[in-house]
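**Student:** Build me a model from this:
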Amino acid sequence: MKFLVIMPTFNEANSLAETVRNLFASVKDIDLLIVDDSSPDGTGVLADSLADDNPQITVLHREQKLGLGPAYIAGFAYANSKGYDFVVEMDADGSHRGVDLPKLLELAGDHDLVIGSRYVSGGGSHGWPLYRRLISRAGNSYTSIILGAKIKDITAGFRVYRLAFLMPLLEGVSAHGYAFQVELAWRSRQAGGRIIEVPILFEERAHGASKMSSAIVREALWLTTKLGFRRVFRLRP
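**Tutor:** As a prediction, this is how the structure comes out:
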């Protein structure tokens, strides 16, 4: 089985190298695609340097910042063209620990989607204040209930997809921000995918600023409402 980690980046020059080191320290037999949206802080240049030193790393440069969803879709297309069997979604800011990845990969062969979850037994987050934990948990609970998805961490961004299952789901995907994760999880459930959640520890980023914004939050709320409407009236994705 061939696995490709896809790591979107935008202004992650302070965290990328350490995240990549931790990834390969935990899983040596894996490839990495860094998708950089022309980061003005030099992340793309750093990524190229890392690729020069490691043949398992490839860099995909995009001309402008287009959002998380389009970055992953570009990565999925690359993986599909190169014959990979599975793709891994992983953040570049260190919040997704390389040490947790083997647990996800171990279950990938028997599932279409493996989610690294903060909200199953044994999972959690480190470095978040109480209010952020409450907002995240409430948002996940609300979204999962509205969509009937039965996924405890539906917004999680640390995932492994079976590529043959994933590619047909991408047609018509509309979300650009973190709502992209919600939309794909919902589509996976609607398609009858074999989904499992694996406990992971989410680490608050040590460098840089969160990409979360009011626009991203509004997109997620609108998407949840729209998908909930489709669920009630049994409309196709």
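
**Student:** For residue 58, see how far away residue 112 is.
**Tutor:** Using CB to CB, to the nearest Å, residue 112 is found at 25 Å from residue 58. In short, each C-beta sits where N, CA and C put it, glycine included.

**Student:** So these two - more neighbours on which side?
**Tutor:** With neighbours defined as other CB atoms under 10 Å, residue 112 and residue 58 compare such that residue 112 has more, 21 against 17.

**Student:** Please name the residues that touch that one.
**Tutor:** 161, 162, 165, 166, 188, 193, 194, 195 (CB atoms under 8 Å, 6 or more residues apart in numbering).

**Student:** Can I get the helix or strand where residue 142 lies in CSV? Just the C-alpha atoms.
**Tutor:** Per DSSP states H and E: residue 142 is located in helix 130-147. In CSV, the C-alpha atoms belonging to helix 130-147 read as follows (Å, rounded to 0.1, in the frame of the first residue of the first chain):
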residue,chain,number,x,y,z
LEU,A,130,-11.0,26.0,28.3
TYR,A,131,-13.1,28.3,26.1
ARG,A,132,-11.5,26.9,22.9
ARG,A,133,-12.1,23.4,24.1
LEU,A,134,-15.8,24.1,24.8
ILE,A,135,-16.3,25.9,21.5
SER,A,136,-14.7,23.0,19.6
ARG,A,137,-16.6,20.3,21.4
ALA,A,138,-19.9,22.1,21.1
GLY,A,139,-19.3,22.8,17.4
ASN,A,140,-18.5,19.2,16.7
SER,A,141,-21.5,17.9,18.6
TYR,A,142,-23.9,20.3,16.9
THR,A,143,-22.6,19.6,13.4
SER,A,144,-22.6,15.8,13.9
ILE,A,145,-26.2,15.9,15.3
ILE,A,146,-27.5,18.1,12.5
LEU,A,147,-25.9,16.0,9.8
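
**Student:** what's that helix packed up against?
**Tutor:** helix 179-190, helix 214-232 (3 or more CB pairs under 8 Å, 6 or more residues apart in numbering; DSSP states H and E).

**Student:** Least confident of the ones you listed, on average?
**Tutor:** For the helices and strands packed on helix 130-147, mean pLDDT drops lowest on helix 214-232, to a mean of 63.

**Student:** Tell me which strands the helix or strand that contains residue 160 pairs with, and in which orientation.
**Tutor:** Residue 160 is part of strand 159-162, with elements assigned from DSSP H and E. Using DSSP bridges, strand 159-162 pairs in its sheet with strand 86-89 (antiparallel), strand 113-117 (antiparallel).

**Student:** closest to residue 96 out of the ones you listed?
**Tutor:** Residue 96 sits nearest to strand 113-117 of all the strands paired with strand 159-162, at 6.7 Å, using CB to CB.
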